[in-house]
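**Student:** what's the 3D shape of this:
(2 chains)
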Amino acid sequence: DAGVIQSPRHEVTEMGQEVTLRCKPISGHDYLFWYRQTMMRGLELLIYFNNNVPIDDSGMPEDRFSAKMPNASFSNLKIQPSEPRDSAVYFCASSPGTGGTGELFFGEGSRLTVL
Amino acid sequence: KQEVTQIPAALSVPEGENLVLNCSFTDSAIYNLQWFRQDPGKGLTSLLLIQSSQREQTSGRLNASLDKSSGRSTLYIAASQPGDSATYLCAPNRDDKIIFGKGTRLHILP
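**Tutor:** Alright, predicted model coming up:
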């Protein structure tokens, strides 16, 4: 399997622009997670899905952030409008789940810089 | 709300030493706990997964233990090597919500 695939790997944008980050989980995995990593705050869980349904989005920082999973092989995270404080590395991860006993696998991350 | 603490935050040791990294979590009703390694500028690589019913897991020079009742896990690295230099993170799974500690930044001196 190719693993969790994220795109783009790097994104530089200007404040106010819309940003879309994409994730393809490992085939057959029922859980998908979005995390944000910064030096100050470490890895923060933003939202996670089970069978394409959002389960917990309490970590989404503001209404500017939204995430969807239209099917089992794709999810996106949108930031609109973007702000400089959104600059971070955004990771997607997937897990086979099965009652919570599954191992978590990460993508390489999308490094976002908002100027 | 689950809170995860990793001690120490940073550690530098000479090559060849055995070392222990600590992880504590506030909510002990977890399904499992996973240890990861992260190299600078890279994603996270899974090292070990311990189920709630297990006490420890081993992989090569790595051994992770879990004491669920006290909310603690340790990662033991035997005979450390310069290639072990990285940040190590623990992540307990509570109701499928996986929260990370801030990690221990490890530097092995040649």
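**Student:** what's the local residue count around residue 62?
**Tutor:** Since no chain was named, I'll use chain A. The tally of other residues near A:E62 (other Cβ atoms under 10 Å in any protein chain shown) stands at 8. Quick note: C-beta positions are derived from backbone N, CA and C, even for glycine.
**Student:** think we crossed wires, I meant chain B
**Tutor:** If we define neighbours as other Cβ under 10 Å, then B:L62 has 17 of them.
**Student:** how about B:S85?
**Tutor:** Other residues within reach of B:S85, judged by other Cβ under 10 Å, total 18.
**Student:** okay, A:L45 and B:A91: tell me how far apart.
**Tutor:** Per Cβ to Cβ, to the nearest Å, A:L45 is found 10 Å from B:A91.
**Student:** which neighbours do those two have in common?
**Tutor:** B:98-100 (Cβ atoms under 8 Å, 6 or more residues apart in numbering or on different chains).
**Student:** columns neighbour count on top of those residues, output as CSV?
**Tutor:** Compiled in CSV, those are given as follows (neighbours: other Cβ atoms under 10 Å in any protein chain shown):
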residue, neighbour count
B:I98, 26
B:I99, 22
B:F100, 21
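**Student:** and chain A, which of these reach it?
**Tutor:** Residues of the shared contacts of A:L45 and B:A91 in contact with chain A (Cβ under 8 Å from any Cβ of the partner chain): B:98-100.
**Student:** turn the residues you listed into CSV, including pLDDT and secondary structure.
**Tutor:** As requested, those are arranged in CSV below (pLDDT from 0 to 100; DSSP: H, G, I helix; E, B strand; the rest coil):
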residue, pLDDT, secondary structure
B:I98, 89, strand
B:I99, 91, coil
B:F100, 94, coil
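**Student:** which one's more surrounded, A:L45 and B:A91?
**Tutor:** More crowded of A:L45 and B:A91, by other Cβ under 10 Å: B:A91, with 26 against 21.
**Student:** that one contacts B:F36, correct?
**Tutor:** Yes. With contact defined as Cβ atoms under 8 Å, B:A91 reaches B:F36; the gap is 6.6 Å.
**Student:** residue numbers of chain B in contact with chain A?
**Tutor:** B:31-32, B:34, B:36, B:42-46, B:49, B:51, B:89, B:91, B:93, B:95-103.
**Student:** where exactly do the strands run in chain B?
**Tutor:** B:4-7, B:10-14, B:19-25, B:32-38, B:44-51, B:56-59, B:62-67, B:72-77, B:86-94, B:97-98, B:104-109 (DSSP state E).
**Student:** chain A now?
**Tutor:** Secondary structure of chain A, counting by DSSP E: strands at A:5-7, A:10-13, A:19-24, A:31-38, A:42-50, A:53-56, A:65-71, A:74-79, A:88-95, A:105-106, A:110-114.
**Student:** what's the burial count for A:E14?
**Tutor:** Neighbours of A:E14 using other Cβ under 10 Å come to 11.
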